[in-house]
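J.: fold the following and give me the result.
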Amino acid sequence: MQRKIEVCLTPALLHLYNIERHIVVVIDILRATSSITYGIENGAEAIIPVSQVEECLAYKDHGYLLAAERNGEVVEGYDFGNSPFSYTAEKVSGKTVVLTTTNGTKALHLANKDENIVVIGSFLNLTSLCIWLEAQNRDVLLLCAGWKDQFNLEDTLFAGAVVNRLRKGFSQFDDAGVAAEDLFLLAKDDLRAYLHKSSHSHRLAELNIEDDVQFCLQTDVCTAIPVLNGNRLVRLAEQKD
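T.: Predicted coordinates:
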């Protein structure tokens, strides 16, 4: 089977892609998909992504942890936001987290249609994700969450890393994937230095969360692949499609 791998550089372009029966990898490196991966790795029972801050409140009396982030900051009155350091085993093991973020959860909801398999990608689970994708029999779309529907560097660099890893197993690539891979090859020796150019990096620097950025750029801290099952992100079982 000839398989294709494509990169959608922002959710605003998703309508241009035919993604029926695809695997869609949602990418929001700084910081939603990194934190989701880390939380599932650390034993969270599930993470429920919701679009609006107000939707979290519907879960308030069900014993769930409520996480809400807007513009890089924790929304007042919620348990935490989307810093990976809030998703340690001590905080999330055995728990269900309800999460809303500026970009990542929106992308998740857009991807969840047309008999897709929706999984979470981050540098933290890069190798395990690529090994799993290579073993499947579906086309792949790498969906960059971007920043408020605009292109961003960090998500594109990760998409390029995936394309670079999977080049031998796929026969069709789009121009966005070629560009993403080229950017990754430019940046791979020092991702953080390259991302000093990025607008989101500057936004996060103003919030004094450099430790979060450094953490999210680590490779293969986790083996878990979060997958969307209904409305819940859970750990993917070891199986082929």
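
J.: please enumerate the helices of the protein.
T.: Along the chain, the stretches classed as helices by DSSP state H are 32-41, 53-57, 89-92, 104-111, 126-135, 153-166, 175-187, 191-195, 199-206, 210-216.

J.: highest average neighbour count across those?
T.: Burial of the helices of the chain is given as mean neighbour count (mean count of other Cβ atoms under 10 Å); helix 32-41 ranks first at a mean of 30. Placement of C-beta: from N, CA and C, glycine included.

J.: hmm, who's touching that helix?
T.: If you take Cβ atoms under 8 Å, 6 or more residues apart in numbering as the criterion, helix 32-41 is touched by 26-28, 47, 49, 69, 82-84, 86-88, 92, 97, 99, 101, 103-105, 120-125, 145, 215-216, 221-226, 233-235.

J.: return the helix or strand in the chain with minimum mean pLDDT.
T.: Taking mean pLDDT, DSSP states H and E as the measure, helix 199-206 is the helix or strand of the chain with the lowest mean score, a mean of 71.

J.: before we move on, the earlier item: just the buried members of the contacts of helix 32-41?
T.: Neighbour counting over the contacts of helix 32-41 (16 or more other Cβ atoms under 10 Å) leaves 26-28, 47, 49, 69, 82-84, 86-87, 92, 97, 99, 101, 103-105, 120-125, 145, 215-216, 221-222, 224-226, 233-235 as the buried ones.

J.: one step back: of the contacts of helix 32-41, which belong to strands?
T.: 26-27, 47, 49, 69, 97, 99, 120-121, 226, 233-235 (DSSP state E).

J.: just curious, which of those residues is nearest to Glu154?
T.: Nearest to Glu154, judged by Cβ to Cβ, of the ones in strands among the contacts of helix 32-41 is Ile27 at 8.7 Å.

J.: so what pairs up with the closest one in the strands?
T.: In this structure, Ile27 bridges to Gly121, Cys144 when assessed by DSSP bridges.

J.: show the contacting residues for it.
T.: Shown in contact with Ile27 (Cβ under 8 Å, 6+ apart): 33, 107, 121-122, 142-145, 155, 158-159.
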